[in-house]
Structure formats: C-alpha cells, structure tokens
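In: What follows is a protein structure lacking sequence information:
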C-alpha cells in the first residue's frame, strides 16, 4: 500500500510517501480501504514535535479516515465487508490507502452522504455537537464563534443558527469572513483588525456564549465580551496558546469557563452518527476547502500552517500524484 511516514520531527517536508506492507486484520479488527483521510491542525503540531501529547517515531500520522471495509478479522461479523464507514484510527495510521482498525469503532455512512463529507464530519461534527451541548445554547442567545471558517467553527455557525441563536462569527481575513456570512452568521468580523471587539459590541452588545477555538489574545478579547452569566468553552489553540483566564477572574465576572470536554467512546460515536444524519438530511453542510492527493500530505500541512485554508482539509487516497489540490 501507499502510506505517508514521519521519521523525524520538523517541517512539512518531513512527511514522505513510501510503499509499505499492507496491514492485516487481527481479532476484532477490520481493514478499511481508505478513500479520504482527515488532516487537522493538531497533526501539524505533532509533526513538528510540539503537539499536546508525545509521538513515537517512526509513525504514519492520521487519526480519521473513511472508506470501504475490505477485510474482516477473526471474531468480526463478515457482513461488514463492503460497508461504507468512517472511523478513528487510534491516533496513527490514517495517511495511507489501507488501515487496520477496531471494528467496534466503525460508524456507518448513510448511502446518500458523499464519503468526503462523512470524513469531514468524523471529528469536527461530533466536536461541534458536543460543544453546543456543553454550552447549553438557547434561542435568542448571542453566540460568538472563533475561527468561524474552520472545520469546527463553520459547523458551529450553522448549528447555533439552527438553535435560534444570534451568531457572531470571528475569522481572519476577508475570504473567511465572507464564508462565515454565507453560512448564516448574523454578524461576521475580522479578528486581524484591532477594533474587532468594539465592532461586536456595536453590533450585538455583550455575548452569552463564546466557542473558543483560537486561544491567545483573541480568546481573551472574546472572554472580555461575555456578559454576566455567560459561558466560554475552550476547545482549540490555533494561535499556539490556550486562552489565559484565571479562575478568580471568571468568578468575579460571573462567567463559567469550560476547558475539558470528556465523553465515552460510544457517546462520541453517537455524536458522529448524529452529525452524519444531519448532513444526510441536508441540515448540516461541512465545508471542504482543500483536498490533496495522499502523496502530497506535506502540501496539506503547509497550507494549514499558512492559515490560508478554509473549512476542512482532506487527503484523497485515490487521487494520483500531480493533480492539483482544491482551493
């Protein structure tokens, strides 16, 4: 099979494609013939050696894939062979055209949903639903979504709007602001401008809920916009650092800050099923901004690091090297 290896930490050029022995399905496992693999910002950090958890080298990166079950191992229902599925890989192995995974982790893809949309929703869909559930969004509340043109943010804009909230989208650059507006944001502002918090206040007043996917100074400015009784749910640090809000400051402001989102594996799979069902019914649209051939995983990482990507970035395991990426 073809796989992308990381043998040394460093820049995107450290990701190198190579022919690799095919995996086999052990007890309780299946082999998935991969059509698309998910690429995340955290994976760019892990590749650089600066991620939130340790990585043992050499490794094939990638924690989310979608495709067709090609092989079933012992103790697995043979009827799974040929099923369209998405699944997490357990942290590694996704940047390849075949991967062995636990059968218990498979999530069936509805027939009417394209595989690329299902992979785009595998992690981001369940995260967005979990964030909305954790924050307890109510109709009429003012919701601020950071990184609103990203994979999770673009879904939060749609879900919060569908919940009856007034949605304030915060994103970097005109292209991303325009996308957030197209997704239904009531107000969209560019956080690369110094006066963006004042523009939010002028537009909607205070904020009831902040979904903090950026961290750093952007996250802190968003926190300062919260009214008493507001909630901030921190789930990302695309700025490179978490939002720093001392507990005593949050208490004085009467604001709840949530920094940990924990659910069981089965609960996470159920959230994924819900996200896929919403998309299949046409009520949720994942934004796939970029697709790269598997062999060009390095280009996918470079694009994410450059901050020029929108929505989700995918690796196409069936696309030949040399074809142009989607823009």
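Out: Perfect, I can see it now. It should be emphasised that the depicted structure is a prediction, and the values quoted were computed from it without experimental measurement.
In: residues touching residue 156, list them.
Out: Contacts for residue 156 (C-beta atoms under 8 Å, 6 or more residues apart in numbering) come out as 128, 131, 132, 143, 145, 148, 211. From N, CA and C alone the C-beta is placed, and that goes for glycine too.
In: name the element it belongs to?
Out: Using DSSP states H and E, residue 156 sits in helix 151-162.
In: sorry, back to before: any of the contacts of residue 156 buried? List them.
Out: 128, 131, 132, 143, 145, 148, 211 (16 or more other C-beta atoms under 10 Å).
In: hmm, back to that, can you name the two of the contacts of residue 156 that sit furthest apart?
Out: Farthest-apart pair in these is 132 and 148; separation 14.1 Å (C-beta to C-beta).
In: Identify the residues contacting the residue nearest to the spatial centre of the chain.
Out: With distances taken as C-alpha atoms, centre = their mean, residue 124 lies nearest the centre of the chain, 3.6 Å away. Taking C-beta under 8 Å, 6+ apart as the contact definition, residue 124 lies against 151, 152, 155, 286, 312.
In: Next up, phi/psi of residue 57, please.
Out: Backbone torsions for residue 57, taken as degrees, to the nearest 10, come to phi -100, psi 150.
In: Report how many residues lie close to it.
Out: Residues lying near residue 57 (other C-beta atoms under 10 Å) number 11.
In: picking up where we left off before, dump the contacts of residue 156 to JSON lines, plus secondary structure.
Out: Formatted as JSON lines, the contacts of residue 156 follow (DSSP: H, G, I helix; E, B strand; the rest coil):
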{"residue": "128", "secondary structure": "helix"}
{"residue": "131", "secondary structure": "helix"}
{"residue": "132", "secondary structure": "helix"}
{"residue": "143", "secondary structure": "strand"}
{"residue": "145", "secondary structure": "strand"}
{"residue": "148", "secondary structure": "coil"}
{"residue": "211", "secondary structure": "strand"}
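In: Relative to residue 229, which of those residues is nearest.
Out: Closest to residue 229 out of these is residue 143 (13.9 Å), distances taken as C-beta to C-beta.
In: Tell me which residues touch the closest one, please.
Out: By C-beta under 8 Å, 6+ apart, the contact set of residue 143 is 135, 137, 156, 160, 165-168, 207-211.
In: And it, how far from residue 122?
Out: 24 Å (C-beta to C-beta, to the nearest Å).
In: and if you look at residue 110?
Out: From residue 110 to residue 122 the distance is 13 Å (C-beta to C-beta).
In: how about low-confidence regions in the chain?
Out: Low-confidence segments of the chain (pLDDT under 70): 319-327.
In: let's see 90
Out: 51-53, 236-242, 259-263, 265, 307-308, 318-327 (pLDDT under 90).
In: what inclination does the longest strand belonging to it have with respect to helix 151-162?
Out: When the chain is parsed with DSSP state E, its longest strand is strand 29-39. Angle of strand 29-39 versus helix 151-162, following axes from the mean of the first three to the mean of the last three C-alpha atoms, to 10 degrees, is 80 degrees.
In: Now find how far off-centre strand 29-39 is within its chain.
Out: On the basis of C-alpha atoms, centre = their mean, to the nearest Å, the separation between the geometric centre of strand 29-39 and that of its chain is 17 Å.
In: Can you name every helix or strand that it contacts?
Out: Counting contacts by 3 or more C-beta pairs under 8 Å, 6 or more residues apart in numbering; DSSP states H and E, strand 29-39 is packed against strand 64-72, strand 98-102, helix 115-122, helix 297-305, strand 312-316.
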